[in-house]
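1. task: produce atomic coordinates for the following.
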Amino acid sequence: MKKKTAICISVLLFFLFTFTGCGAETIHDNELKSEQKDGIEIGLSIDSLVIERWQRERDLFVSKATELGAEVNVQNANGEVEEQIKQLEYFIDKGVDVIVVIAIDDEALLDVIGRAKNAGIKVIAYDRLVRNAGVDLYMSIDNEEVGELMATYIKKSIGDSGTIIQIKGSPTDYNVQMVQEGFERVLKTTDIKVDYAEYSDNWVAENGFKVTSKYLSSGKVPDAIMCGNDNLAAQAIKALIENRLAGEVCVVGQDADVEACQRIVEGTQYMTVYKPVEKLARSAAEKAVALAKGEELNVDDTINDGTYEVPYDKLKPIAVTAQNMDQVITGTYHQRNEIYLNVNE
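-> Numbers count the residues shown, from 1 in each chain. A predicted model of the protein is given here:
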């Protein structure tokens, strides 16, 4: 009797596990087939995190996007174009809703952005325009006005005549061209002469030191140095310090890095351009989420990228000097104890 009972139980267990197993497999297959992406996914590809502002803007962007219910996948290209292309391809394969890219090269991403658009993925060019790509949105500061502010301050500092050198940013960054256009527009109203100018591939900061040292070694001293950003300005000032000229030459930059603000209150850098990047980063997150939802962006301006008229959301920059540091920067962008770290107030 016990033997018959054991056999019956074994048979029952066999059928139970067999049909339960088949049922679980069927459900699993159906789940895989009907599985849908949960929530909004944004891919953010950054040129490099070496520059201070990109670290700040990454955190602001991710914080705001997360607050709006989106998931952000952040990739750092470390200044390598091919790496950035691979990152965008990864985002395409992953099927993100929106790609936000801080482009290393203004033309090299054309094909991969085309593939993203063909896949139905919205693309935002953040701070740097990608030429001829027809992105869905370009968000930046008014870069021509940045150049105008630099030139205007140099003019105010040295007068309508004098000699300057320019240490520009990367030649593959279209912002550099726009800054230059604004800079030249003001310079044409003066007799100021650009005695030497050089680009800095990949925004390598050390080029600021190299160019300035080379120029000073010729026996000439410029009245002013226009630097593409504050990192280049730091290195230019390092060369001036070695030649005991710090504070005697008008040096201007952009980005309002904390160390640039320190140099300004110390008197070795004359001016930087503050760009309201907090507002830019948060707004970019909001617009990325809106694009993912298929909402209208209500952007009034456009910019020609060489082929297409692209919606252009631009913010106004502000010239920052020792005179308006506390009104513009202190307590909002950087803290007072950071800015005045090396100054006895």
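2. now do the contacts for the closest residue to Tyr174 other than its chain neighbours.
-> For Tyr174, ignoring the flanking residues on the chain, the nearest one in space by C-beta to C-beta, 6 or more residues apart in numbering is Asp106 at 3.9 Å. Placement of C-beta: from N, CA and C, glycine included. Applying C-beta atoms under 8 Å, 6 or more residues apart in numbering, we find Asp106 in contact with Arg128, Leu129, Val130, Arg131, Thr172, Asp173, Tyr174.
3. next, Asp106: phi, psi?
-> The phi/psi pair for Asp106 (degrees, to the nearest 10) reads phi -80, psi -10.
4. residue ranges of each domain in the protein, please.
-> What automatic domain parsing lists as the domains of the chain is 40-135+277-315, 143-275+319-339.
5. quickly find the element holding Tyr196.
-> Using DSSP states H and E, Tyr196 falls within strand 191-198.
6. ignore the last one, Leu49
-> Going by DSSP H and E, Leu49 is not in any helix or strand.
7. any idea how far Asp59 is from it?
-> 11 Å (C-beta to C-beta, to the nearest Å).
8. what does Leu109 give?
-> 24 Å.
9. these two: which has the busier surroundings?
-> Taking other C-beta atoms under 10 Å, Leu109 and Asp59 do not tie; Leu109 has more neighbours (26 against 12).
10. state the pLDDT value of the residue sitting nearest the centre point of the chain.
-> A centroid search over the chain (C-alpha atoms, centre = their mean) returns Ile102, at 4.7 Å, as the residue closest to the centre. The model reports Ile102 with a pLDDT of 96.
11. now the contacts of Asp106 in TSV, with neighbour count?
-> Formatted as TSV, those follow (neighbours: other C-beta atoms under 10 Å):
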residue	neighbour count
Arg128	25
Leu129	26
Val130	24
Arg131	23
Thr172	19
Asp173	26
Tyr174	24
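12. just the ones in helices from those, please.
-> When DSSP state H is applied, the contacts of Asp106 are split such that Tyr174 fall in helices.
13. related to what we said a few turns ago, list the buried ones in the strand holding Tyr196?
-> For strand 191-198, a neighbour-count test (16 or more other C-beta atoms under 10 Å) marks Ile192, Tyr196 as buried.
14. which strands and helices sit next to the next helix or strand after that strand?
-> Following strand 191-198 in sequence order, the next helix or strand is helix 206-217 (DSSP H and E). In terms of contacts (3 or more C-beta pairs under 8 Å, 6 or more residues apart in numbering; DSSP states H and E), helix 206-217 is packed against strand 161-167, strand 191-198, helix 230-242.
15. can you give me the helices in the stretch 201-345 of the chain?
-> 206-217, 230-242, 258-266, 277-292, 325-328, 336-339 (DSSP state H, counting those that start in this stretch).
16. same deal with the stretch 51-200 of the chain?
-> For the stretch 51-200 of the chain, the helices defined by DSSP H, counting those that start in this stretch cover 52-67, 81-94, 110-118, 143-158, 174-187.
17. in TSV: those, plus mean pLDDT and distance to Arg282.
-> Output for the helices of the stretch 51-200 of the chain, formatted as TSV (pLDDT from 0 to 100; distance: least, C-beta to C-beta, whole Å):
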stretch	mean pLDDT	distance to Arg282
helix 52-67	94	4
helix 81-94	97	21
helix 110-118	96	23
helix 143-158	97	20
helix 174-187	96	20
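18. turn these into CSV, including distance to Val328.
-> Shown next, in CSV, are those (distance: least, C-beta to C-beta, whole Å):
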stretch, distance to Val328
helix 52-67, 15
helix 81-94, 32
helix 110-118, 35
helix 143-158, 12
helix 174-187, 20
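19. most packed of these?
-> Mean neighbour count (mean count of other C-beta atoms under 10 Å) peaks for helix 143-158 among the helices of the stretch 51-200 of the chain, with a mean of 22.
20. got the helices of the stretch 201-345 of the chain as JSON lines, with mean neighbour count columns?
-> Output for those, formatted as JSON lines (neighbours: other C-beta under 10 Å):
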{"stretch": "helix 206-217", "mean neighbour count": "19"}
{"stretch": "helix 230-242", "mean neighbour count": "23"}
{"stretch": "helix 258-266", "mean neighbour count": "22"}
{"stretch": "helix 277-292", "mean neighbour count": "21"}
{"stretch": "helix 325-328", "mean neighbour count": "16"}
{"stretch": "helix 336-339", "mean neighbour count": "14"}
